[in-house]
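Visitor: Next input, structure requested:
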Amino acid sequence: MCGFGSTQIGRILVMTPQAFFSLLSLVQRTQFWQNHKDIAFNERQLKLLRRLLETSDFADGISRKKYCALTRTSDATAARDLSDLVSKGVMSPVGEGRGRRYQLLSGSRGCPPPP
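Guide: Below is the predicted model of the structure:
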């Protein structure tokens, strides 16, 4: 059972919902980085991935324009970086044209998001 003893499980069961979801978020981030440890990311991509995993700022995904603003890069570089993340199986494009956004693939978080 994931290496937890009965005392540790008891402590988890009496956690507040906020503490539980904080722990779940930590587990998800850890699993994400463990699952993708062999993939090389550039600094801009790392900045985006950390932001996506640690906050809900881009719950609907991130547009190329917002990626440019976040990483302070050109539109062409943003397009290459996002396309690279898609090809690495970390993100998926949603929508077309100006409305296109990029979201973390659900399986790349490591476990399902909280309800």
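Visitor: Counting neighbours, what do you get for residue 85?
Guide: 23 (other C-beta atoms under 10 Å). C-beta: built from backbone N, CA, C; applies to glycine.
Visitor: quick one, what contacts it?
Guide: 41, 45, 48, 91, 102 (C-beta atoms under 8 Å, 6 or more residues apart in numbering).
Visitor: Just these: which are in helices?
Guide: Of the contacts of residue 85, the ones assigned to helices by DSSP state H are 45, 48.
Visitor: okay, the contacts of residue 85 in CSV with pLDDT, distance to residue 82 and neighbour count next?
Guide: What follows is the contacts of residue 85, written out as CSV (pLDDT from 0 to 100; distance: C-beta to C-beta, whole Å; neighbours: other C-beta atoms under 10 Å):
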residue, pLDDT, distance to residue 82, neighbour count
41, 96, 12, 16
45, 97, 9, 20
48, 95, 9, 26
91, 94, 7, 24
102, 96, 5, 25
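Visitor: List just the nearest of the contacts of residue 85 to residue 19.
Guide: Distance ranking of the contacts of residue 85 against residue 19, using C-beta to C-beta, places residue 48 first at 27.2 Å.
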